[in-house]
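Undergrad: Starting from these lines, generate the structure:
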Amino acid sequence: MSKDFTFSIKSIVFDENYHPADNTRLTTNFANLARGKSRQENLRNTLKMIDSRFNSLAHWDNPKADRYSVELEIISVELNIDVQGGNIPLIEILKPTVIDKKTGERIDGIAGNNFSSYVRDYDFSVVLPEHNNDKSTFGVPENFGDFHGKLFKHFVQSNAYKERFSKPPVICISASSSKTYQRTENHHPILGVEYQQNELSSTDQYFEKMGLQVRYFMPPNSLAPLAFYFVGDLLGDYTNLELIGTISTMETFQKIYRPEIYNANSAAGKLYQPSLKNQDYSLTQIVYDREERSQLAVKQGKYTEEHFIKPYKNILEQWAATTLSH
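TA: Take a look at the predicted model:
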């Protein structure tokens, strides 16, 4: 058996012709959009929304708001765990490339964006419910997320990652509906106004174990803050166009998945608690099955337990014990 884990990275273009592969994690949000009779229209409209949002944020030297378009790649990461070439699907992320139609230049965006992970599905859909099964108050197991955090850090520090991406990932997701956020005086020209929360959510703590810290920003003309998880300096390490690639991609997806928050009919105030029970919002023209996605998360969590966690238990424990959490 191998003493160390290596990774292989594959990519597929996310465009209006995208079909999820048979082995794609169907809980992945973009795979959900690419099924059913509205499939192609869904994808076309999503990509149009991303382009239009990108141009509205990158408004300088862009009088007709049509200078840029965004190409998206779905990056699939597999873990190579044994000498027989057994590859285990692990993570999927998105990577934008910005096309400057004025100069013809292709500009690398930031890897990360949407983040989906088999082991995270296992943690949140199998480990957590089992831990809280007989308890009257919700709690988290002591070492919850430790193994997933080590795997993710190992991936970001790996040769496979560094050969493919020049900068660390930024993962952008919805603010937590269980927390309250307060607007600060800090304002960034692209990321917008910063919000701070009253305490870390369980998702924040989980991402912290992956080596990521979090800041919340509400970009110009947005309706609610987004959570940005990053390594290093979010404001200093990335260019304006790189940040706009992430915002335009993830805000579009959030409008589709969580219209109650990101397509609400009024913007977040000074003190803000996101709510999926909000009735005052507009729907996009894009069909998305939220209930199916939560059912699939459980299925995929159990799949991970059966095909990864249980059969490789000894190797995984040994590896985790010898891998430093630096």
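
Undergrad: Got the phi and psi for residue 321?
TA: Residue 321 adopts backbone torsions of phi -70, psi -30, taken as degrees, to the nearest 10.

Undergrad: what's the neighbour count on it?
TA: 8 (other C-beta atoms under 10 Å). In this view, the C-beta of every residue, glycine as well, is placed from N, C-alpha and C.

Undergrad: Contact partners for residue 47?
TA: 15-16, 70, 72 (C-beta atoms under 8 Å, 6 or more residues apart in numbering).

Undergrad: Read off the pLDDT value for it.
TA: pLDDT for residue 47: 92.

Undergrad: Which parts of the helix or strand where it lies count as buried, going by neighbours?
TA: Per DSSP states H and E: residue 47 is located in helix 39-57. By 16 or more other C-beta atoms under 10 Å, the buried positions in helix 39-57 come out as 39, 42-43, 45-47, 49-51, 53-55, 57.

Undergrad: can you list these in a markdown table and add distance to residue 145?
TA: Below are these laid out as a markdown table (distance: C-beta to C-beta, whole Å):
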| residue | distance to residue 145 |
| --- | --- |
| 39 | 34 |
| 42 | 32 |
| 43 | 33 |
| 45 | 35 |
| 46 | 30 |
| 47 | 33 |
| 49 | 32 |
| 50 | 30 |
| 51 | 36 |
| 53 | 32 |
| 54 | 33 |
| 55 | 38 |
| 57 | 33 |
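
Undergrad: circling back to that earlier point, for the contacts of residue 47, work out which two are farthest apart.
TA: 16 and 70 (13.4 Å; C-beta to C-beta).

Undergrad: Compare the two and say which is more crowded by neighbours.
TA: Per other C-beta under 10 Å, whichever of residue 16 and residue 70 has more neighbours is residue 70, with 21 against 15.

Undergrad: secondary structure class for the more buried one?
TA: strand (DSSP: H, G, I helix; E, B strand; the rest coil).

Undergrad: show me what contacts it?
TA: 47, 50-51, 54, 96-99, 109, 245, 248-249.

Undergrad: where do the strands sit along the stretch 101-250 of the chain?
TA: Applying DSSP state E, counting those that start in this stretch to the stretch 101-250 of the chain gives strands spanning 106-108, 112-117, 170-174, 181-188, 192-197, 213-218, 226-230.

Undergrad: Mind picking out the helix or strand in this protein with the poorest mean pLDDT?
TA: helix 29-33 (a mean of 59; mean pLDDT, DSSP states H and E).

Undergrad: Nearest residue to the middle of the protein?
TA: Central residue of the chain (C-alpha atoms, centre = their mean): residue 114, 2.3 Å from the mean position.

Undergrad: Tell me the pLDDT of it.
TA: 86.

Undergrad: do you know how far it is from residue 184?
TA: Going from residue 114 to residue 184 by C-beta to C-beta, to the nearest Å gives 26 Å.

Undergrad: And the helices in this protein?
TA: For the chain, applying DSSP state H gives helices covering 29-33, 39-57, 118-122, 128-131, 146-156, 159-164, 202-208, 240-257, 259-262, 290-304, 313-322.

Undergrad: and residue 222, which of those helices is closest to it?
TA: So among the helices of the chain, helix 240-257 is nearest, using C-beta to C-beta, at 6.3 Å.

Undergrad: Show me where the chain dips below the pLDDT cut-off.
TA: 1-3, 20-37, 82-86, 287-294, 324-326 (pLDDT under 70).

Undergrad: cutoff 50 now
TA: Scanning the chain for pLDDT under 50 picks out 1-2, 25-27, 325-326.

Undergrad: picking that back up, show me which of the buried residues of helix 39-57 is closest to residue 232.
TA: Once C-beta to C-beta is applied, the member of these that ends up nearest residue 232 is residue 57, at 22.1 Å.

Undergrad: before we move on, the earlier item: list the contacts for the residue nearest to the residue nearest to the centre of the chain when sequence neighbours are not counted?
TA: Among residues not flanking residue 114 along the chain, residue 94 sits closest, at 4.9 Å (C-beta to C-beta, 6 or more residues apart in numbering). If you count contacts by C-beta under 8 Å, 6+ apart, residue 94 has them with 14, 30, 72-75, 111-114, 249.

Undergrad: what pairs with residue 94 across the strands?
TA: For residue 94, the beta-bridge assignment (DSSP bridges) gives partners residue 74, residue 112.

Undergrad: Use 19 as the first number for this chain going forward.
TA: With 19 as the first residue, the last one maps to residue 112.

Undergrad: Tell me the spacing between it and residue 92.
TA: 6 Å.

Undergrad: Please apply the same query to residue 292.
TA: For residue 292 relative to residue 92 (C-beta to C-beta), the value is 27 Å.

Undergrad: now residue 99
TA: Residue 99 is 22 Å from residue 92, by C-beta to C-beta.

Undergrad: Could you do residue 281 as well?
TA: Residue 281 is 24 Å from residue 92, by C-beta to C-beta.

Undergrad: for residue 136, same thing?
TA: 15 Å.

Undergrad: Same check on residue 332?
TA: From residue 332 over to residue 92 (counting by C-beta to C-beta), the distance is 32 Å.
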